[in-house]
Each structure stands twice: as C-alpha cells, then as structure tokens.
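>>> Here is my input, please return the structure:
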Amino acid sequence: MNTLMKTALNPRGPLLSEALRHGITLRQESHQERFCQVEGRGLCSDAWGAACEAVQPAVAKFNWTGDRFTFERAMDALRAVQSSYFAPYWEMPAVCPGSQQRFIRAGGRVINRRGDMKLDGQEVVELGGVTSECDKVEHLAGMVDHLFYAHGWSREKVLEAVEWYENRRANGLLTAVPLRSFEHLQVN
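Residues are numbered from 1 along each chain as shown. As a prediction, this is how the structure comes out:
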C-alpha cells in the first residue's frame, strides 16, 4: 500500500524528497538509465526512477530488458508517471550550485623583511560553470537529473538538495538561489 501522501506544496502527489527517501530503499543505485538490469545486482534505478517507483510501484514491473521499442514504451510510461506526480517541480526555480564559481584575484607585494604584505587590489572573478550544462538548469526537476548524471551525486545527496529547495519554497522563498555552496554537497 502506498503510504506517501499529497501535500500543500505538491497537491498532485507527495513531495519529491519524500518519494526519493522511500524510493532509495527499494533498489540499488545505477548511473546508467532510469531503470536498468545490472549483472549481479538485478534491477537498479537512478534518482527519478526511485521517486517514480515510490509513488507508482508498477514502473518496476515494466519491461526494462526488452528490445529498443519496448524499452522506449516503458520510458514513455515512466515519463507520464513522472510528469503527473511531480509536475510542480518543473515550475520550481533552481540553480545548479556549480554554475557560479568565483574566486578573488588579489595583487600584493612584500613590503618588509618580516614578510608583511600590502594588497594593491583585489577583484572577484567569474570562473564559469563546473560543466557546460550548469548554467542551463532552470527548475528543480532538471536539477535532479543534472546533479545525478553531470556531477555524479548519489541519490542521497540529491535528496538533500531537493529538501533544501522544498524547505525554501515552504518558507515562502521562491527565488532561484543556488545551494549554500557546491562543496557542501559535493561527492568526494
């Protein structure tokens, strides 16, 4: 029996973080596809696959090992589950934390034998995104896949990022602000 409940933040279904938390317990992680058969481990899922299975357990019974056409039909059905249960997440603004790398460039010189330094000037310099896709993330649904595939984050780390955005949204902070820092949730 599905125990995930509808919420005020997502009236069509459960919070994405709630579905992710439950879905992570159902299967092992795979960075290949939404669902894929891994030798010795069986059926594995990515972050979106885990969330979709949590709200609609039948997706795990789709034919994930068939030919290309059956696989595409299974993916289409999974996309329908994903968009029907988690539609608000395509409207929730988000920014990849790796899109805003900055560093301070400072010029200085040693002014005495003790090594005291005088700074002549400093400026904040944009370094660009960690990947070329970082600046293209506009909504939370896109950021889930981006963090999972482009940055190689685990489903648990993606869950932390989703919870952070959901908490901001629940507190009335609707702006697309990046996470506190990229290093905070970066996979080592």
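
>>> Quick one: end-to-end length of stretch 20-37, please.
Using CA to CA, to the nearest Å, the end-to-end distance of stretch 20-37 comes out at 20 Å.

>>> what about that stretch, distance to the chain center?
On the basis of CA atoms, centre = their mean, to the nearest Å, stretch 20-37 sits 14 Å off its chain's mean C-alpha point.

>>> for that stretch, what is the average pLDDT?
Mean pLDDT, computed over stretch 20-37, is 88.

>>> other SSEs contacting the lengthiest helix in the chain?
Identified as the longest helix of the chain according to DSSP state H is helix 68-85. Packing partners of helix 68-85 (3 or more CB pairs under 8 Å, 6 or more residues apart in numbering; DSSP states H and E): helix 47-55. For every residue, glycine as well, the C-beta is placed using N, CA and C.

>>> can you give me the angle the helix it packs on makes with helix 68-85?
On the basis of axes from the mean of the first three to the mean of the last three CA atoms, to 10 degrees, helix 47-55 is oriented at 70 degrees to helix 68-85.

>>> Residues touching helix 47-55, excluding its own?
The contact list for helix 47-55 (CB atoms under 8 Å, 6 or more residues apart in numbering) reads 2, 4, 13-14, 16, 18-20, 22-24, 26-27, 33-35, 45, 59-60, 78, 81-82, 85-86, 144-145, 148, 155, 158-159.

>>> Just the buried positions in the longest helix of the chain, please.
Within helix 68-85, the residues scored as buried using 16 or more other CB atoms under 10 Å are Phe71, Ala74, Leu78, Val81, Gln82, Tyr85.

>>> Check those and tell me the two furthest apart.
Phe71 and Tyr85 (21.3 Å; CB to CB).

>>> Can you tell me how far the residue nearest the centre of the chain is from Asn112?
Nearest to the geometric centre of the chain sits Val144, at 2.5 Å (CA atoms, centre = their mean). Separation of Val144 from Asn112 (CB to CB, to the nearest Å): 54 Å.

>>> And for Phe35?
66 Å.

>>> Looking at those two, which one has more neighbours?
Phe35 (25 against 8; other CB atoms under 10 Å).
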